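Give me the fold of what follows.
(3 chains)
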Amino acid sequence: MLQFIEFLGIITFAVSGIVEARRKGMDLVGVYTVALITAFGGGTLRDLIIDRTPLFWVANQGYAILILALSFGAFLFPGLSRVSERAMLVPDALGLGLFSIAGASFALDAGTSPFIAALLGTATGVFGGVMRDVICNEIPSVFRNRYLYATAAFAGCWLYMLLIAVGLAKDPAIFSGIAGVVCLRLVALRFGLRTPGGD
Amino acid sequence: MLQFIEFLGIITFAVSGIVEARRKGMDLVGVYTVALITAFGGGTLRDLIIDRTPLFWVANQGYAILILALSFGAFLFPGLSRVSERAMLVPDALGLGLFSIAGASFALDAGTSPFIAALLGTATGVFGGVMRDVICNEIPSVFRNRYLYATAAFAGCWLYMLLIAVGLAKDPAIFSGIAGVVCLRLVALRFGLRTPGGD
Amino acid sequence: MLQFIEFLGIITFAVSGIVEARRKGMDLVGVYTVALITAFGGGTLRDLIIDRTPLFWVANQGYAILILALSFGAFLFPGLSRVSERAMLVPDALGLGLFSIAGASFALDAGTSPFIAALLGTATGVFGGVMRDVICNEIPSVFRNRYLYATAAFAGCWLYMLLIAVGLAKDPAIFSGIAGVVCLRLVALRFGLRTPGGD
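Purely as a prediction, here's the structure:
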């Protein structure tokens, strides 16, 4: 189940990279690179910071090959990369939840304090998208008045750590944390909740 | 005393990130992230390059929490984030000096050659600001005809290493190096000294 | 011979950074930094990902000093930095070939699978240029319809690994891989071969 959500998260993040790179008129090399960076960027940043090796995508080449196939697909079937943003909201929320909670969990295992674990978890979830936007020469969308996104990931990380602290086993705590991120994100989208500030 | 300067440097760098992020219309998440990156970016780059773990801000969560409080403060009291650039010049020079000399010192401890230590020291001092500008979609200001800034840090690192080489103890050498950076930077501001080139 | 090609590759990449930074009106500090990042960025990314220390330019300060001299030279003799793009095509192809094949070789030594080694080899060859363009606030040129560039590097990495797999010794395999990248790149330039997509 976790495997499946991870798979889904990587695909969704890769597709969001493909869509943005196509919109910028990039060729296959650009599309593939941006897709890789969007899917792997957050986890790579986390692993570099907590000095965890080997990186997850280095250890498992299947993901990089799959994203290459997706990038080819985007050229063979250009219609497929015109996925509506709407259709990607739920898988994206799942990916955000999984990446963030897994990130916080790895950080705790590496001995960080809870606040740093919540930060690194959030970074795992959102940094791929930040790097995608920086490379595409945009101010990262997550920094500009999005309906709760990084905030949802941050809150979910705390929920996960709270459940661990009160004695819940790791697996149900991870699922609850992911569910927390997804719910918060979808409620924010539905009811227009935003982080303060932003134009 | 060193502790206090480090504290001051982190605050100043964080505030400069907050100010730039507000100017770009970012929300609380963006402001906090840019502040973290500005304050921690240089030291993180250095620690990744010399493979020093754990990172200073991972080991000490107090700094990240403090910067969160500052970011909230910038929304509660928007006037406070309109600090004049003038008022920040001296604390910024202190932060530049401390980060650079401490960076050079850590690099030497890790066994690098002097020239590389001076480069990494300078990078520790200026790279946070470079990443702040890249994320805010600006060409880094430190690359465009600033009154001696990176150059002051670079010269200060050499002064520090020279004093160590002639037998001075570490603490006075560090203070002298920091004083060298600060003086050079303030003299450059006062008398309009610039690095060659730039428009 | 490999030493000489590495030397040539670093010089060429540094010069391309100097030229772009001058075009953006940067001062000496900016020019030097962009030159360093262009020359060292790809190898640094690779070494961080496979956790290889010390970084090649940290272990050998001669390269960083040489690039400082080149950056000074660009201000003393501004004509020199107006090298025509044409004149740089062959050295650039050599640098791309050497960096990529050496990168793939280091990655294999670190135990990565072949596909990841080809990716990291390509990243070693092209990432310095990507970071140069990001810092100069451009969409990376390698992502926009260049005559085969990253693709040539990727193919050359596979050629290298194929030759190793069929039992060729390391040195001739490295030279063949580099030759493959250079030929593919020059043929692509001559006959206008591009990666699909791009505007």
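
per-residue pLDDT, residue A:54?
As predicted, residue A:54 sits at a pLDDT of 86.

For residue B:110, see how far away it is.
Here residue A:54 is placed at a distance of 23 Å from residue B:110 (CB to CB, to the nearest Å). Using the backbone N, CA and C atoms, a C-beta is placed for each residue, glycine as well.

Who has more neighbours out of those two?
Neighbour count, other CB atoms under 10 Å in any protein chain shown: between residue A:54 and residue B:110, residue B:110 has more, with 19 against 16.

That one contacts residue B:48, doesn't it?
No: at 11.8 Å, residue B:110 does not count as touching residue B:48 under the criterion of CB atoms under 8 Å.

Doesn't residue A:161 belong to a helix?
Yes: residue state for residue A:161 (DSSP: H, G, I helix; E, B strand; the rest coil) corresponds to a helix.

separation between it and residue A:177?
Counting by CB to CB, the gap from residue A:161 to residue A:177 is 8 Å.

Mutual contacts of those two, please.
The contact sets of residue A:161 and residue A:177 overlap at residue A:104 (CB atoms under 8 Å, 6 or more residues apart in numbering or on different chains).

got the residues of chain A near chain B?
Taking CB under 8 Å from any CB of the partner chain as the contact definition, chain A meets chain B at A:48-51, A:111-116, A:119-120, A:130, A:134, A:137-140, A:142-146, A:149-151, A:194-199.

Have a look at residue A:161 and residue A:177 and say which one is more surrounded.
Set residue A:161 next to residue A:177 and count neighbours by other CB under 10 Å: residue A:177 wins out with 29 against 21.

quick one, phi/psi of residue A:194?
Per-residue torsions, residue A:194: phi -130, psi 160 (degrees, to the nearest 10).

That one - how many residues pack around it?
Residue A:194 has 16 neighbours, counted by other CB under 10 Å.

Assess the claim that it and residue A:148 are in contact.
Yes: using CB under 8 Å, residue A:194 is in contact with residue A:148, at 6.9 Å.

Give me the common contacts of those two.
Common contacts of residue A:194 and residue A:148, defined by CB under 8 Å, 6+ apart, comprise residue A:188.

what separates the helix-or-strand element of chain A with minimal mean pLDDT from the chain centre, distance-wise?
Least confident helix or strand of chain A, by mean pLDDT, DSSP states H and E, is helix A:2-23 with a mean of 83. Centroid separation for helix A:2-23 versus its chain: 8 Å, with CA atoms, centre = their mean, to the nearest Å.

Show me what the helix or strand just after it is packed against.
Sequence order places helix A:28-50 as the next helix or strand after helix A:2-23, per DSSP states H and E. Other helices and strands packing on helix A:28-50, by 3 or more CB pairs under 8 Å, 6 or more residues apart in numbering or on different chains; DSSP states H and E, are helix A:2-23, helix A:56-59, helix A:62-76, helix A:89-109, helix A:114-135, helix C:150-165.

Pick out the residue of chain A closest to chain C.
At 2.7 Å from chain C, residue A:30 is the closest residue in chain A, using CB to the nearest CB.

neighbours of residue A:165, just the number please.
Neighbours around residue A:165, by other CB under 10 Å: 10.

list the contacts for it?
By CB under 8 Å, 6+ apart, no residues touch residue A:165.

measure it to residue B:31 for me?
Computed as CB to CB, the residue A:165 to residue B:31 distance reads 29 Å.

repeat for residue A:20
23 Å.

for the closest residue to residue A:28 other than its chain neighbours, what are its contacts?
Leaving out its chain neighbours, the residue that sits closest to residue A:28 by CB to CB, 6 or more residues apart in numbering or on different chains is residue C:195, at 4.5 Å. For residue C:195, the contact set (CB under 8 Å, 6+ apart) comprises A:27-29, C:145-146, C:148, C:150-151.

Next, count neighbours for the nearest residue in space to the residue of chain A closest to chain C that is not next to it in sequence.
Spatial nearest neighbour of residue A:30, excluding adjacent residues (CB to CB, 6+ apart): residue C:143 at 2.7 Å. Residues near residue C:143, counting by other CB under 10 Å, number 28.

Likewise for residue A:70?
21.

try residue A:9
Residue A:9 has 26 neighbouring residues, counting by other CB under 10 Å.

Equivalent analysis for residue A:135, please.
Neighbour tally, residue A:135, other CB under 10 Å: 26.

Would you mind measuring from it to residue B:84?
Taking CB to CB, one finds residue A:135 at 34 Å from residue B:84.

cool, and residue A:33?
Residue A:33 is 42 Å from residue B:84, by CB to CB.

the more surrounded of these two?
Neighbours were counted for residue A:33 and for residue B:84 using other CB under 10 Å; residue A:33 has more, 26 against 7.

Which single residue in chain A comes nearest to chain B?
Using CB to the nearest CB, the single residue of chain A nearest to chain B is residue A:143, 2.6 Å away.

For that residue, which residues are in contact?
Neighbours of residue A:143 in contact, by CB under 8 Å, 6+ apart: A:130, B:21, B:24, B:26-27, B:29-31, B:33-34, B:135.

re the thing from before, relative to residue B:171, tell me which of the helices and strands packed on helix A:28-50 wins on proximity.
Nearest to residue B:171, of all the helices and strands packed on helix A:28-50, is helix A:114-135, at 29.3 Å by CB to CB.

For that closest one, which helices and strands make contact with it?
With contacts taken as 3+ CB pairs under 8 Å, 6+ apart, helix A:114-135 sits against helix A:2-23, helix A:28-50, helix A:89-109, helix A:150-165, helix B:56-59, helix B:62-76, helix B:114-135, helix C:114-135.

still on that earlier bit, want to try JSON lines for the contacts of residue C:195, with pLDDT as columns?
Converted to JSON lines, the contacts of residue C:195 look like this (pLDDT from 0 to 100):
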{"residue": "A:27", "pLDDT": "86"}
{"residue": "A:28", "pLDDT": "88"}
{"residue": "A:29", "pLDDT": "87"}
{"residue": "C:145", "pLDDT": "60"}
{"residue": "C:146", "pLDDT": "72"}
{"residue": "C:148", "pLDDT": "87"}
{"residue": "C:150", "pLDDT": "91"}
{"residue": "C:151", "pLDDT": "92"}
